[in-house]
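Peer 1: Make a model of this:
(chains A and B)
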There are 2 protein chains.
Amino acid sequence: MKNITFPPAPQSKAELEEGAVFSPKFDAHGLVTAVVTDADDGMMLMVAHMNEEALALTLTTGIAHYWSRSRQKIWKKGETSGNLQNVIEIRTDCDQDAIWIRVRVAGDNATCHTGRRSCFYRSVALENGVPALSKL
Amino acid sequence: MKNITFPPAPQSKAELEEGAVFSPKFDAHGLVTAVVTDADDGMMLMVAHMNEEALALTLTTGIAHYWSRSRQKIWKKGETSGNLQNVIEIRTDCDQDAIWIRVRVAGDNATCHTGRRSCFYRSVALENGVPALSKL
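Peer 2: Now for the predicted structure:
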């Protein structure tokens, strides 16, 4: 695999926002936020983080890789469960500090470690002035 | 406005993941990631951050508020442009460290400061082995 590196952000804001150079803005921990949706129906599946290596692996293999903050290692999502994420499209935002990944999930279509399709299975609303969760 | 506070995470992982108590996990900077989509067609609009106050304001007013990391202050999205975000639904994920907000955007339906509907207007792909951006 060709070694992929990411250039630093350009000096020019116009270049950062309108240019063709991909210069993801990794935070102090070397991570960018990755938001993952189902490529077919747009369902929000999960939010995770990528370091430079995870992003490079995702680009070169077409399978989503993340950085596990809890385990402090590269996380090939679905490697154990079989619910691999085949990448259909990758996008970045105006200031290049977030990544949106549109995927098709293999296996039994579960993304959440609880077995659910999506990690976002609870809504938040005020009940008598107190925030509370409801399962969907 | 009733003062809203958020309890610390429960000791029990089962309670955190399956319970009804909303205990968002703010990071070392006091922020949670907020992912924002259009409530009608699911379009990914933006990724931002919320501190406790922004989250409380969003819950109590029904208008999305964020924490501007660049300006270091509460950011009522659309206050200047008119593109306010009316909150249709708020969700959180299994470990409660991310918030998904489904909104309807007022004004001229632009979310990005560049005037576009979404901040995610560029795709990322390898071109001759080098990551590059393409406008959509």
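
Peer 1: Look at the most centrally placed residue in chain A and give its secondary structure.
Peer 2: Closest residue to the average C-alpha location of chain A: residue A:34 at 2.5 Å, with C-alpha atoms, centre = their mean. Going by DSSP: H, G, I helix; E, B strand; the rest coil, the secondary structure assigned to residue A:34 is strand.

Peer 1: close enough to count as contact, residue A:99 and residue A:92?
Peer 2: Yes - using C-beta atoms under 8 Å, residue A:99 is in contact with residue A:92, at 5.7 Å. Quick note: C-beta positions are derived from backbone N, CA and C, even for glycine.

Peer 1: residues shared between the contacts of these two?
Peer 2: Any residue near both residue A:99 and residue A:92 by C-beta atoms under 8 Å, 6 or more residues apart in numbering or on different chains counts here, and that gives A:24, B:124.

Peer 1: Hmm, residue A:120 is touching residue B:90, no?
Peer 2: No - taking contacts as C-beta under 8 Å, residue A:120 lies outside contact range of residue B:90: 9.9 Å.

Peer 1: how close does the nearest residue to residue A:111 once chain neighbours are set aside sit to residue B:111?
Peer 2: Leaving aside its chain neighbours, residue A:111 sits nearest to residue A:45 (4.2 Å; criterion: C-beta to C-beta, 6 or more residues apart in numbering or on different chains). Per C-beta to C-beta, to the nearest Å, residue A:45 is found 21 Å from residue B:111.

Peer 1: do residue A:39 as well
Peer 2: 21 Å.

Peer 1: Same question for residue A:133.
Peer 2: In terms of C-beta to C-beta, residue A:133 sits 26 Å off from residue B:111.

Peer 1: and if you look at residue A:96?
Peer 2: Counting by C-beta to C-beta - residue A:96 and residue B:111 are separated by 16 Å.

Peer 1: between those two, who's got more neighbours?
Peer 2: residue B:111 (27 against 23; other C-beta atoms under 10 Å in any protein chain shown).

Peer 1: Pretty sure the more buried one sits against residue B:45.
Peer 2: Yes - Residue B:111 lies in contact with residue B:45 (C-beta under 8 Å); the separation is 4.2 Å.

Peer 1: Mutual contacts of these two, please.
Peer 2: Contacts common to residue B:111 and residue B:45, judged by C-beta under 8 Å, 6+ apart, are B:36, B:105, B:117-119.

Peer 1: Inside strands: which ones of these?
Peer 2: Of the positions in these, B:36, B:105 sit in strands, assigned by DSSP state E.

Peer 1: From the shared contacts of residue B:111 and residue B:45, keep the buried residues only.
Peer 2: The neighbour count (16 or more other C-beta atoms under 10 Å in any protein chain shown) marks B:36, B:105, B:117-119 as buried among those.
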